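[1] Coordinates for the following, if possible.
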Amino acid sequence: MSDQSKTAQWGLRLAVLAIVILALAIIGLRYELLDFKIPLLGLAVAGALGLVALIVSLIGLVITLAGKKSGAGIAIIGLVLAGVAMVPLSTSVIKGGSIPRIHDITTDLVNPPQFVDVVALRASSPNPLDRKDPADLAELQAKAYPALAPLTLNVPAGVVFEAARGVAQDMGWAIVSAKPETGLIEATATTGLLRFKDDVAIRIVESSTGTIVDVRSVSRVGMSDLGTNAARIEAFLAALKAKLAV
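    Numbers count the residues shown, from 1 in each chain. Below is the predicted model of the structure:
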């Protein structure tokens, strides 16, 4: 067999470079070393470079399997590393294509829970809390998440409040404030790998039909939340119902 495939070698080099860029972008986001836009661009570059590396490595693998060159192992490693580098970008493209580019989700589209103590924590965040952008935010949310609605419980408001605070803590959220007199709990949720911070307001009100629980979750950065806020609200409400055994 002749010498090692240069195509496979280049595929591996490109894949390693993509992984390095991906790692630097993740570190930049997790530890807030740079403005969030730069690491996000890094994720996109890593994904694009990973795609190129995937194609080059695949060509290299075909060449080696044809017996013209050695280096099938190098090509396979390049394919694997390229695939890893592409994960964040491909996930964003797949999820982003099926949901609207919104990041402020609430169970009450008419009168969403309002943030009070969280406002100061978002002073440097680019995403506002006025729900004015996009102008058809409520319509977009209703279409994307039609099942998202207030939760009505036949349980005293005080009991629901304490249960809601406990669920928020169980989910790993940092409680910013919890005021039984107003029925408002404010918290900050941090995503796993990339450490994005989203703020959550839980409003608990007693009415003639029972205790009504509304939840609002808003990302601090990014035009699209890729469905994270809606999933968070759904998980919270399900956990609250389970905790109260209703």
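[2] Tell me the secondary structure of Asp35, please.
    coil (DSSP: H, G, I helix; E, B strand; the rest coil).
[3] I should have written Ala201 there, sorry.
    Taking three-state DSSP, the label given to Ala201 is strand.
[4] tell me the contacts of it?
    113-115, 118, 184-186, 215-216 (C-beta atoms under 8 Å, 6 or more residues apart in numbering). (Glycine included, C-beta is placed from N, CA and C.)
[5] Neighbour-wise, which one of these leads?
    Val215 (28 neighbours; other C-beta atoms under 10 Å).
[6] Grab the nearest non-local neighbour of it.
    Nearest residue to Val215 in three dimensions, chain neighbours excluded: Ile233, at 4.7 Å (C-beta to C-beta, 6 or more residues apart in numbering).
[7] Now do the helix or strand where that neighbour lies: distance to the chain's middle.
    Ile233 belongs to helix 228-244 when elements are defined using DSSP states H and E. Helix 228-244 has its C-alpha centroid displaced from the chain centroid by 16 Å (C-alpha atoms, centre = their mean, to the nearest Å).
[8] how near is the closest residue to Ala235 other than its chain neighbours to Ile74?
    Excluding its sequence neighbours, the residue lying closest to Ala235 (C-beta to C-beta, 6+ apart) is Met171, at 7.2 Å. Separation of Met171 from Ile74 (C-beta to C-beta, to the nearest Å) stands at 44 Å.
[9] Any chance of the backbone angles for Pro112?
    Backbone torsions of Pro112, given as degrees, to the nearest 10, read phi -70, psi 150.
[10] For Arg165, identify the helix or strand it belongs to.
    Here Arg165, judged by DSSP H and E, is contained in helix 157-170.
[11] What is that helix packed up against?
    With contacts taken as 3 or more C-beta pairs under 8 Å, 6 or more residues apart in numbering; DSSP states H and E, helix 157-170 sits against strand 174-179, strand 184-190, strand 197-207, strand 210-219, helix 228-244.
[12] between the ones you listed, which gets nearest to Arg101?
    strand 210-219 (11.3 Å; C-beta to C-beta).
[13] Show me what the closest one pairs with in its sheet, parallel or antiparallel.
    strand 104-106 (antiparallel), strand 151-153 (antiparallel), strand 197-207 (antiparallel) (DSSP bridges).
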